[in-house]
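Undergrad: model the following, please.
(2 chains)
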Amino acid sequence: GNSVTQMEGPVTLSEEAFLTINCTYTATGYPSLFWYVQYPGEGLQLLLKATKADDKGSNKGFEATYRKETTSFHLEKGSVQVSDSAVYFCALSDRNDYKLSFGAGTTVTVRA
Amino acid sequence: NAGVTQTPKFQVLKTGQSMTLQCAQDMNHEYMSWYRQDPGMGLRLIHYSVGAGITDQGEVPNGYNVSRSTTEDFPLRLLSAAPSQTSVYFCASSADRAQPQHFGDGTRLSIL
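TA: This is a model prediction of the structure:
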């Protein structure tokens, strides 16, 4: 079956530091890949997505590249802000059905 | 600009009580789903629907029922609440299986 493994947290950074959250997946076929973000007390919001190999998703300074050869979709941001403090979820969607498979989530805290 | 609306936001139940969590979307999305979020486990799919009148089980369906009589609404029923069902519940919808899912703000449910 499909599964997503992401870097365990929590991660604590200083403002303007570089952030990387690792995500690897197992899937049959060619899934779509997503990063969702959950701010405190809120639901999940789509941060970025990639639907095929070598696609790069980007939004709000975050980037992730769909790497089929390493089955990875690592999230990066070059200079984080306090407002980036949240829980980040990597997820995949199987093209053959509707189901989203989520990683366990990584809590990121950015200190001023 | 409502999107996906979940009610209630918070609920406390006693073991054995029944309850319905409401979910409504105003985007005319065919696909809707329910997830539960537990610490360290990410989101797990409970039930999903690919259109009015069609529902199917997800990863953790036991103890929950759903129905989809209209495109807009997808209620989740707990027939006899158990402490193991204490969790945060999220409803999501999307236009089709290739599109990202839109999430509601969640219902925090405690079973005593």
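Undergrad: show me where pLDDT drops low in chain B?
TA: Counting by pLDDT under 70, the low-confidence segments of chain B come to B:1.
Undergrad: ok, the residue most central in space within it - contacts?
TA: Residue closest to the average C-alpha location in chain B (CA atoms, centre = their mean): B:Trp34, at 3.1 Å. When contacts are counted by CB atoms under 8 Å, 6 or more residues apart in numbering or on different chains, B:Trp34 touches B:21, B:23, B:45-48, B:58, B:64, B:66, B:74, B:76, B:89-92. For the C-beta atoms, the positions are set from N, CA and C on the backbone; glycine is no exception.
Undergrad: next one: B:Thr86
TA: B:109-111.
Undergrad: check A:Cys23 too.
TA: A:4-7, A:33, A:35, A:64, A:72-75, A:90, A:103.
Undergrad: roughly how far out does the helix or strand containing the residue nearest to the centre of chain B sit from the chain middle?
TA: For B:Trp34, the enclosing helix or strand under DSSP states H and E is strand B:31-37. Remark: strand B:31-37 is offset 5 Å from the chain centroid, using CA atoms, centre = their mean, to the nearest Å.
Undergrad: in its sheet, which strands sit next to it, and in what direction?
TA: strand B:43-51 (antiparallel), strand B:87-94 (antiparallel) (DSSP bridges).
Undergrad: in the first one, what counts as buried?
TA: By neighbour count on 16 or more other CB atoms under 10 Å in any protein chain shown, the buried set for strand B:43-51 is B:43-50.
Undergrad: can you show me the CA trace of that strand as PDB?
TA: Provided in PDB are the C-alpha atoms of strand B:43-51 (Å, rounded to 0.1, in the frame of the first residue of the first chain):
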ATOM      1  CA  LEU B  43      -4.300  12.100   9.600                       C
ATOM      2  CA  ARG B  44      -6.000   8.800   9.000                       C
ATOM      3  CA  LEU B  45      -8.900   8.400   6.600                       C
ATOM      4  CA  ILE B  46     -12.100   7.200   8.200                       C
ATOM      5  CA  HIS B  47     -14.700   7.200   5.300                       C
ATOM      6  CA  TYR B  48     -14.900   8.900   2.000                       C
ATOM      7  CA  SER B  49     -17.400   9.600  -0.800                       C
ATOM      8  CA  VAL B  50     -17.000  10.100  -4.500                       C
ATOM      9  CA  GLY B  51     -20.400  11.500  -5.000                       C
END
